[in-house]
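In: What follows is a protein structure lacking sequence information:
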């Protein structure tokens, strides 16, 4: 007797690797079935379509990212270290979680309703986490913030702007240096101190 949840998880993990390698469009159900060493009909019993499998893969990776970020933020107490951990874990996780990254940023996938839902949820969750870190820093008198909503949006926009160069030019870019430079500007600004 096959455990339904175990089987679904196996399909999600296997398909995730194939989608990562070939992309959503080029991946076929035949390839997923072959990698699982079973017939397509067995997969169709648990998933109606390739799109449904991709959605499950993306949601699985979203949970991994959420857990990694939560763990990273909880592992330190200083607001500065919380922000530093958040930025580093977020950017490095996107590199590993390519299906989630593609779902959020690939315009060719816009026609799937679930993609827009995932994008909106991701943006809301990220802003909530950033606002929490900023609030924590303000309460501890470490950050000077006049509007946490706009500050969180500004940080999110900065991070999103960095994603494209990081993932297009993986070998040319030293991610650590770029992220440290962003954090330097974020924490100290560009104005000369009197």
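Out: That came through fine. What you are looking at is a predicted structure, and each value in this text was computed from that prediction instead of being measured.
In: Report pLDDT for residue 128.
Out: For residue 128, the model assigns a pLDDT of 95.
In: And for the one 10 residues further on?
Out: According to the model's per-residue confidence, residue 138 sits at a pLDDT of 94.
In: Look up how far residue 11 lies from it.
Out: Between residue 138 and residue 11 the computed distance is 45 Å (C-beta to C-beta, to the nearest Å). For the C-beta atoms, the positions are set from N, CA and C on the backbone; glycine is no exception.
In: swap in residue 44?
Out: Distance, residue 44 to residue 11, using C-beta to C-beta: 11 Å.
In: quick one: which of those two has more around it?
Out: residue 11 (22 against 13; other C-beta atoms under 10 Å).
In: wouldn't that one be in contact with residue 47 here?
Out: Yes. Using C-beta atoms under 8 Å, residue 11 is in contact with residue 47, at 6.6 Å.
In: How about the backbone phi and psi for residue 141?
Out: phi 60, psi 30 (degrees, to the nearest 10).
In: show me the contacts for residue 75.
Out: residue 85 (C-beta atoms under 8 Å, 6 or more residues apart in numbering).
In: what's the spacing between it and residue 69?
Out: Shown here: residue 75 relative to residue 69, a distance of 11 Å by C-beta to C-beta.
In: Need the contact partners of the least confident helix or strand in the chain by mean pLDDT.
Out: Using mean pLDDT, DSSP states H and E, helix 98-105 stands out as the lowest-scoring helix or strand of the chain, at a mean of 76. When contacts are defined by C-beta under 8 Å, 6+ apart, helix 98-105 is touched by residues 16, 19-20, 23-24, 54, 57-58, 61-62, 65, 94-95, 109, 115, 118-119, 122, 163-164, 167.
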